[in-house]
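Novice: Mind folding the following:
(one chain, ligands or ions: 3)
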Amino acid sequence: MSVTPKGVFVTGTDTEIGKTLVSAILTKAWNATYWKPFQTGLAEETGDTSTVTRLADVAPDHVVAPLCALQAPLSPFAAAELENTVIDVEKLQMPAGNGPFVVEGAGGLMVPVTPDSMMIDVVQRLDLPVVLVARSGLGTINHTLLSLEALRRRDIAIAGVVLSGLPNVKNARDIARFGKTQILFQVPRFENVTPQTIADFARSIPDFAKFFDDKPSQ
Ligand SMILES: Nc1ncnc2c1ncn2[C@@H]1O[C@H](COP(=O)(O)OP(=O)(O)OP(=O)(O)O)[C@@H](O)[C@H]1O
Ligand SMILES: C[C@H](N)[C@H](N)CCCCCC(=O)O
Ligand SMILES: [Mg+2]
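Specialist: Numbers count the residues shown, from 1 in each chain. Ligands and ions are numbered 1, 2, ... in the order given. Model prediction:
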């Protein structure tokens, strides 16, 4: 990539796949500003913004509050519907400031956000390269390749894939080969996910600008 982007959009092949963990790692590594525009499930959890703030030890001025904070553990569209609101994606724009920004989606790319738009439309609107988080183990190849294909159909820049869980050499090889992309890094299965775990792992991540110099988007 010739121009360093304003940040990355962290999406995943599914919910509960490790997007928040990877976002915490990138936020820590780059001293970035974290933003989760659409948070659902607050009736059952404290939300990803507080998790990343804790895990990456983020200063308050490096966190942007969600545009929508919804109670039900559902897609943003369905959760908003339960609260009799409709999300206004026209209001969505990148926050002011230099970044880099680590923007986390909710669920995967085809998750509904409004009656007629999905998370992938949000990615396109924000115009950030995508970091796609995927499980390392059996079953991941299909989900990952389908997600990459959906991104390419819309000409969305792909920074690469992050695999999370027990290392699987052949899955990593085949995702890179058939997905015509790169495995940016692999997150092992951590025994405990703590601020120290994140800080230690973040030291292995290249600087933001170097990350893109070394790894052109496709
Ligand atoms: N590599 C890993 N090692 C240990 N625990 C992990 C790993 N990856 C994810 N987890 C744990 O799995 C759970 C789900 O991960 P995470 O919250 O990052 O998912 P998510 O993709 O952000 O989900 P959501 O769609 O709700 O935002 C968390 O408790 C997280 O700490
Ligand atoms: C509540 C949960 N943790 C996520 N924030 C929302 C995931 C929506 C997934 C929708 C779907 O793909 O079925
Ligand atoms: Mg998350």
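Novice: Which elements pack onto the biggest helix by length in the chain?
Specialist: Taking DSSP state H as the criterion, the chain has its longest helix at helix 140-153. When contacts are defined as 3 or more CB pairs under 8 Å, 6 or more residues apart in numbering; DSSP states H and E, helix 140-153 packs onto helix 119-126, strand 130-135, strand 158-164, helix 169-178. To be clear about C-beta, it is placed using only N, CA and C from the backbone, and glycine gets the same treatment.
Novice: and the helix or strand of the chain with the lowest mean pLDDT, how far from the chain's centre?
Specialist: Of all helical and strand segments in the chain, the minimum by mean pLDDT, DSSP states H and E falls on helix 208-214, at a mean of 80. How far helix 208-214 lies from its chain's middle: 17 Å, per CA atoms, centre = their mean, to the nearest Å.
Novice: Run through the neighbouring helices and strands of it.
Specialist: helix 19-30.
Novice: Residues of this protein that sit close to ligand 1?
Specialist: Neighbours of ligand 1 within the chain, by CB under 6 Å from any ligand atom: 12, 15-21, 48, 106-107, 164-165, 187, 189-190, 193.
Novice: Tell me which residue lies farthest from the centre of this protein.
Specialist: Distance from the centre of the chain peaks at residue 84, with 27.1 Å (CA atoms, centre = their mean).
Novice: now residue 7, nearest residue through space, not along the chain?
Specialist: residue 101 (3.1 Å; CB to CB, 6 or more residues apart in numbering).
Novice: partner residues bridging the one you found?
Specialist: Legend: beta-bridge partners of residue 101 under DSSP bridges are residue 7, residue 33.
Novice: For this structure, which residues are neighbours of ligand 2?
Specialist: Applying CB under 6 Å from any ligand atom, we find that the chain lies next to ligand 2 at 15, 40-41, 73, 75, 106-108, 111.
Novice: Now, of those residues, which are buried?
Specialist: Buried subset of these (neighbour count, 16 or more other CB atoms under 10 Å): 40-41, 75, 106-108, 111.
Novice: Can you lay out the residues you listed as CSV showing pLDDT and secondary structure?
Specialist: Shown next, in CSV, are those (pLDDT from 0 to 100; DSSP: H, G, I helix; E, B strand; the rest coil):
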residue, pLDDT, secondary structure
40, 98, coil
41, 98, coil
75, 98, coil
106, 98, strand
107, 97, strand
108, 98, strand
111, 98, coil
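Novice: closest to residue 139 among those?
Specialist: Among these, residue 108 lies closest to residue 139 (CB to CB), at 13.9 Å.
Novice: ok, now which ones touch the closest one?
Specialist: Taking CB atoms under 8 Å, 6 or more residues apart in numbering, we find residue 108 in contact with 11-15, 17, 119, 143, 147.
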